[in-house]
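S.K.: What follows is a predicted protein model with its sequence.
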Amino acid sequence: MIVVQRSLFLTCCARHDRHRPTGTVYLFDLGEVAAWQQQGSRGQPPRRVLVGLKPTAGHEMKIVFVGNGDYAVVSRGDTLVCYCLTSANLTVKWRYRYKNSISCMAMLCRDVVILGTNVGIFALLNWEEMEIGSFSVQARPKIIDEWYSVLRLATPADWVAIREIRVEKTVDCSVNETQWGRHRILWVNSCGWVMSTMLVAPDQRCGRSEIIYSTKPVRYVNAHGEEIETLRQSWSLPLSVVPRDSTDSVICWEKVADVTEVLNISNDQCALGSHVEFLREGKPSLLWWSKSDGQISTIPLSRRRGRPTAIAIHPNHEWLVLGTANHGLYVLNARNKLD
């Protein structure tokens, strides 16, 4: 669910039939919702507008509101659609198919949206300016720039999908009617690393990415628990994509357990076979990054409830709502839990 200035939000309503689960996405006016609630949820229910894209297996649906809330850019997989919200029914401003699956989006400035993809590529999209692509007669939104987020960095190659983007503006002004600004981009990738880069408009020069937080290297031991020196370089990785959420001033994500790989090694350090097992160490917890001090704190979690599958941060940063696979939703007081 996303709430915006024009009191509109997008919600995903899960429906099930006998054969397979389906999802339908609606847009509601919160003013109508509030009026309906004041009437005791009786009478005519609030109007809802159907969004044409539907979630599909393996693809998250993302939305960002642009143009002072008059437009919404919605993504599903590699498909982007810009909807005009000012009419009674949604109208499509443009539809565009990008070369990679889009895993997250964020507003960069008035007319530019930054896209994060499942292969670690960033793209800057001007949602207002249209152009004709090569070998095409159909207008599409302009891609200003693209770059690989982890270029020249030692990171887990298969876990670079960009899952959460936070844009921090350090300078914001206009020169000769051209949007000018210096932005710090922070993001969480699928394996729980947090990274950062600097972006300067309008030429959108991108600085080298920096690692704010990384999981620990894998520790190698023999069957007796003795540590083994090896030239391998691998990192502790999660069993599935790390849940995360962010606001204007904080980022919260699940901490990945430290991994120890037990190798079947003889006394003369010659490998006799493949690894014996992987051990995951550490209590379940969340990590909390704050803009105010730039520090990363730990929030311990209950082992009984299991690892979270979804995280939502309350606007005042005092509460967290966590979703789990087997124990539903529960609320956590983040301020009391911060270490």
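M.R.: All right, it came through fine.

S.K.: burial measure for the closest residue to Arg232 other than its chain neighbours, as a count.
M.R.: Nearest non-adjacent residue to Arg232, counting by C-beta to C-beta, 6 or more residues apart in numbering: Tyr220, 7.2 Å away. To be clear about C-beta, it is placed using only N, CA and C from the backbone, and glycine gets the same treatment. By other C-beta atoms under 10 Å, the residues close to Tyr220 number 19.

S.K.: For Arg110, see how far away Tyr220 is.
M.R.: For Tyr220, the distance to Arg110 (C-beta to C-beta, to the nearest Å) stands at 51 Å.

S.K.: Over to Phe28?
M.R.: In terms of C-beta to C-beta, Phe28 sits 25 Å off from Arg110.

S.K.: quick one: which of those two has more around it?
M.R.: Phe28 (18 against 14).

S.K.: Need the pLDDT of the more buried one.
M.R.: If you check Phe28, the pLDDT there is 70.

S.K.: go on, Ala161?
M.R.: 91.

S.K.: OK, contacts around it?
M.R.: The contact partners of Ala161, taken as C-beta atoms under 8 Å, 6 or more residues apart in numbering, are 103, 116-120, 189-190, 241.

S.K.: Please repeat the previous calculation with a cut-off of 10 Å.
M.R.: Taking C-beta atoms under 10 Å, 6 or more residues apart in numbering, we find Ala161 in contact with 100-101, 103-104, 116-121, 149, 188-191, 241.

S.K.: picking that back up, from the chain's centre, how far out does the helix or strand that contains the residue nearest to Arg232 sit?
M.R.: Counting by DSSP states H and E, the element that carries Tyr220 is strand 219-221. Relative to its parent chain, strand 219-221 has a centroid offset of 31 Å by C-alpha atoms, centre = their mean, to the nearest Å.

S.K.: returning to what we had before: top of the contacts of Ala161 by number of neighbours, please.
M.R.: Val188 (30 neighbours).

S.K.: Tell me which helix or strand that one sits in.
M.R.: strand 178-189.

S.K.: Now the element after that strand, going C-ward?
M.R.: Downstream of strand 178-189 (by DSSP H and E), the next one is strand 194-200.

S.K.: Any buried residues in that following strand, and which?
M.R.: 194-199 (16 or more other C-beta atoms under 10 Å).

S.K.: Gln37: what's it in contact with?
M.R.: Taking C-beta under 10 Å, 6+ apart as the test, what Gln37 contacts is Pro46.

S.K.: Can you give the distance of the one helix or strand it maps to from its chain's centre?
M.R.: Following DSSP H and E, the helix or strand that holds Gln37 is helix 30-38. Chain-centre distance of helix 30-38: 30 Å, with C-alpha atoms, centre = their mean.

S.K.: still on that earlier bit, show me what the residue nearest to Arg232 is bridged to.
M.R.: Note on Tyr220: beta-bridge partners by DSSP bridges are Glu261.

S.K.: again with Lys169
M.R.: His183.

S.K.: and what of Met198?
M.R.: Under the criterion used (DSSP bridges), Met198 bridges to Arg184.

S.K.: where does it sit relative to Arg184, distance-wise?
M.R.: 6 Å.

S.K.: domain parsing for the protein?
M.R.: 1-97, 106-129+141-213 (automatic domain parsing).

S.K.: returning to what we had before: with the contacts of Ala161 in mind, which one is nearest to Glu277?
M.R.: Set against Glu277, the nearest of these by C-beta to C-beta is Cys191 (20.5 Å).

S.K.: surely the closest one meets Lys216?
M.R.: No: with contact defined as C-beta atoms under 10 Å, Cys191 and Lys216 do not form a contacting pair (11.9 Å).
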